[in-house]
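1. Coordinates only, no sequence provided:
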């Protein structure tokens with residue numbers, strides 16, 4: 001499952017990089033994906049929206065086993 005999540009993250013990464021940010025996969029356990037937003041995304045006030053409406057949506061579409069995405 002970790003490989004599927006990583007592949008899905010590669011689809012959203014270009015958009016994050018375009019805004020000066022990035023995402024790092026920390027862990028995948030029991031359907032919960034833990035990520036770290038870095039660069040400009042790390043301190044952005046819109047980070048929670050990016051996480052929920054962008055990254056989480058894509059991950060759930062691409063990897064149905066994903067139940068939740070959390071940021072550290």
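-> On my side now, so go ahead. Here the structure is a predicted model, which is why all the values come from computation and not from measurement.
2. Which parts of this protein are strands?
-> With strands called from DSSP state E, the chain shows them at 21-29, 32-39, 68-71.
3. Take those strands and lay them out in a markdown table including distance to residue 3.
-> Bear in mind the C-beta positions are built from the backbone N, C-alpha and C, glycine included. As requested, these are exported to a markdown table (distance: least, Cβ to Cβ, whole Å):
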| stretch | distance to residue 3 |
| --- | --- |
| strand 21-29 | 9 |
| strand 32-39 | 13 |
| strand 68-71 | 17 |
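4. so where is this structure shaky, pLDDT-wise?
-> Judged by pLDDT under 70, the chain has no weakly predicted residues.
5. can you give me how far the longest helix along it is from the chain middle?
-> Ranked by residue count, the top helix of the chain under DSSP state H comes out as helix 2-18. Counting by Cα atoms, centre = their mean, to the nearest Å, helix 2-18 is centred 7 Å from the centre of its parent chain.
6. winner for burial among the strands of the chain?
-> Greatest average neighbour count among the strands of the chain goes to strand 32-39 (a mean of 17), per mean count of other Cβ atoms under 10 Å.
7. Now tell me what touches that strand from outside.
-> Applying Cβ atoms under 8 Å, 6 or more residues apart in numbering, the contact partners of strand 32-39 are 5, 9, 16, 20-28, 42, 44, 47, 50-51, 55, 59, 66-72.
8. My guess is residue 11 contacts residue 63. True?
-> No - counting by Cβ atoms under 8 Å, residue 11 does not reach residue 63; the two are 11.1 Å apart.
9. Neighbour count: those two, which is higher?
-> Neighbour count, other Cβ atoms under 10 Å: between residue 11 and residue 63, residue 63 has more, with 20 against 13.
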